[in-house]
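Asker: after the sequence you'll find the predicted model.
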Amino acid sequence: MLARANENGQTEVTRTTKEPALPADLQIAEDARLLSSQLSAMRQRLFPPSAFKTLRSFTSGEAAKLIGVSDGYLRQLSISGEGPQPEIGPAGRRSYTLADINALRRHLAGQHEPGSAKSRQYLKWRDEAAGEHLQVIAVTNFKGGSGKTTTAAHLGQHFALKGYRTLAIDLDPQASFSALLGYQPELDLTGNDTLYGAIRYDEKRLAMSDIIRPTYFDGLHLVPGNLELQEFEHTTPRQLAGVEDEGGVPFFARVQDAIASVADRYDVVVLDCPPQLGFLTLGALCAATSVITTVHPQMLDVASMSQFLFMTSDLLGVVRDAGGTLNFDFLRYLVTRYEPHDGPQAQIAGFLRAQFGSRVLTNAMLKSTAVSDAGLTKQTLYEVGRENFSRLTYDRAMEALTAVNEEIEALVVDAWGRAA
């Protein structure tokens, strides 16, 4: 626009650019198609030839650390021909896929009495006969930008890397969690293949097992998300009003029932909840055995979290009165995108610890360019190699990430009654 004075001294504003020729809805749709096609082209370039993500191989040292043995012992297994054989690269360097690592875990566990401490050292699957229940971890926050999805993705991958049978469920219609785990919703999903397909109220409801998909992480499966999830927010009020068929299960128990139908296949389920307190989030909280709430240490975020906690308490109270079960093994707050040398952030982190004590995780997830740069290619820190960053930057971020996820893993193991 151009502003100028007319002959009467009044300011006139004239437009120097044309308005979009299309109506707003069509212009937005055109922009969406353009962006989607560019993301698809980017995926073709980043992950040829199949255009789907693949996980890098691990060095023998990394594989030995993940399994819990020495590199020398792993070398001896390779020489003697035991278990899956690694790929031998230049200079005799050995590398293992995650599938190889999991096969080695099963091989080593099979050499010991099933269920013994030694067997469990290698194969960490839960023992249902011993009362080790499926651990369902809901990652929540009322406010976007708190690192919720990044936390959920790294947590799910951590459990898979450690050998747990892991299911990731994307409950956010924006589907960033799905994108990080290799799916582009508008290209890879056709309809009725999100969690909504297993919790809807009509005759199109599917079995949960029909919508679970594999990922490029061996041992990590995904129920992807897309805009279809928003339908649950629209159809649930109709069900509550008696317009929709309830199917015998109240709205707050539908997520729990869907997960229960596949419980015997998994040890850990990670739920990435939407950044709003709707019916999906309530269903996730009722299904959860544990909750991680991410907090960015800024005063506005803390104030927002206060409102989130009040609203959550009120709504869950109503759900409890209606017969919902809310028995968490643990509820923890995780400080994310933390800059320890930032004085105000350090004060707010201290304030949170003073208020909530041990309910704030001891370790915080640091703000790191390594995590941000990995995200540019829709990857996590576990996927990118150390050679892509300065050694200090990568090691610092990985140390913080490992500390956070191992602290959460220790809480899960404790909930099962195992020694950490």
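Answerer: Cool, the structure landed.

Asker: show me this protein divided up by domain.
Answerer: Split into domains by automatic domain parsing, the chain comes to 58-122, 129-415.

Asker: could you export those to CSV, including columns for mean neighbour count?
Answerer: The way it works is simple: take the backbone N, C-alpha and C, and place the C-beta from them, glycine included. Shown next, in CSV, are the domains of the chain (neighbours: other C-beta atoms under 10 Å):
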stretch, mean neighbour count
domain 58-122, 15
domain 129-415, 19
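
Asker: of all those domains, which lies closest to S37?
Answerer: domain 129-415 (9.5 Å; C-beta to C-beta).

Asker: gap between the closest one and the chain center?
Answerer: Domain 129-415 has its C-alpha centroid displaced from the chain centroid by 5 Å (C-alpha atoms, centre = their mean, to the nearest Å).

Asker: endpoints of it, how far apart?
Answerer: End-to-end span of domain 129-415 (C-alpha to C-alpha, to the nearest Å): 15 Å.

Asker: then stretch 367-383?
Answerer: The straight-line separation of the ends of stretch 367-383 (C-alpha to C-alpha) is 18 Å.

Asker: cool, stretch 138-155 as well?
Answerer: End-to-end distance of stretch 138-155 (C-alpha to C-alpha): 11 Å.

Asker: now it: average pLDDT?
Answerer: Regarding stretch 138-155, the rounded mean pLDDT is 87.

Asker: so F142 sits against P274, correct?
Answerer: No: at 9.8 Å, F142 does not count as touching P274 under the criterion of C-beta atoms under 8 Å.

Asker: can you tell me the helix or strand for H112?
Answerer: H112 belongs to no helix or strand when assigned by DSSP states H and E.

Asker: picking up where we left off before, possible to save the domains of the chain as a markdown table with distance to S37?
Answerer: A markdown table is the format used below for the domains of the chain (distance: least, C-beta to C-beta, whole Å):
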| stretch | distance to S37 |
| --- | --- |
| domain 58-122 | 31 |
| domain 129-415 | 9 |
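
Asker: what about the helices in the stretch 251-400 of the chain?
Answerer: Counting by DSSP state H, counting those that start in this stretch, the stretch 251-400 of the chain has helices at residues 254-260, 279-287, 299-321, 343-356, 369-376, 391-415.

Asker: do you know which of these lies nearest E62?
Answerer: Judged by C-beta to C-beta, the one of the helices of the stretch 251-400 of the chain that comes nearest to E62 is helix 391-415, at 11.3 Å.

Asker: show me what the closest one is packed up against.
Answerer: The contact analysis (3 or more C-beta pairs under 8 Å, 6 or more residues apart in numbering; DSSP states H and E) places helix 391-415 against strand 135-140, helix 148-161, strand 290-295, strand 330-335, helix 369-376.

Asker: make CSV from those and add distance to W416 to it.
Answerer: Supplementary listing: the helices and strands packed on helix 391-415 in CSV, determined by distance: least, C-beta to C-beta, whole Å:
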stretch, distance to W416
strand 135-140, 8
helix 148-161, 13
strand 290-295, 12
strand 330-335, 12
helix 369-376, 29
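
Asker: A109: which of these is closest?
Answerer: helix 148-161 (16.6 Å).

Asker: ok and that closest one relative to helix 369-376, angle-wise?
Answerer: For helix 148-161 against helix 369-376, the angle by axes from the mean of the first three to the mean of the last three C-alpha atoms, to 10 degrees is 90 degrees.

Asker: next secondary structure after helix 148-161?
Answerer: Following helix 148-161 in sequence order, the next helix or strand is strand 166-170 (DSSP H and E).

Asker: name the helices or strands packed onto that following strand?
Answerer: Applying 3+ C-beta pairs under 8 Å, 6+ apart, one finds that strand 166-170 contacts helix 148-161, helix 176-180, strand 220-223, strand 268-272.

Asker: any chance of TSV for those, columns distance to G350?
Answerer: Below are those laid out as TSV (distance: least, C-beta to C-beta, whole Å):
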stretch	distance to G350
helix 148-161	21
helix 176-180	30
strand 220-223	35
strand 268-272	28
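
Asker: which one of these lies closest to T235?
Answerer: Of all the helices and strands packed on strand 166-170, strand 220-223 sits nearest to T235, with 18.3 Å by C-beta to C-beta.

Asker: and A103, what pLDDT?
Answerer: 93.

Asker: list the contacts of the nearest residue to it once chain neighbours are set aside.
Answerer: In this structure, A103 finds its nearest non-sequential neighbour in P84, 4.5 Å apart by C-beta to C-beta, 6 or more residues apart in numbering. When contacts are counted by C-beta atoms under 8 Å, 6 or more residues apart in numbering, P84 touches Y96, A99, D100, A103, L104, H107.

Asker: can you do 10 Å?
Answerer: Taking C-beta atoms under 10 Å, 6 or more residues apart in numbering as the criterion, P84 is in contact with L77, S78, Y96, T97, A99, D100, I101, N102, A103, L104, R106, H107.

Asker: in strands, which of those residues appear?
Answerer: Judged by DSSP state E, the subset of the contacts of P84 located in strands is Y96.

Asker: closest one to T289 out of the contacts of P84, please.
Answerer: N102 (24.2 Å).

Asker: can I assume V335 is in contact with R353?
Answerer: Yes: contact criterion C-beta atoms under 10 Å: V335 and R353 qualify, at 8.8 Å.

Asker: got any ranges where the stretch 101-250 of the chain has weak pLDDT?
Answerer: In the predicted model, the stretch 101-250 of the chain carries pLDDT under 70 at residues 144, 242-247.
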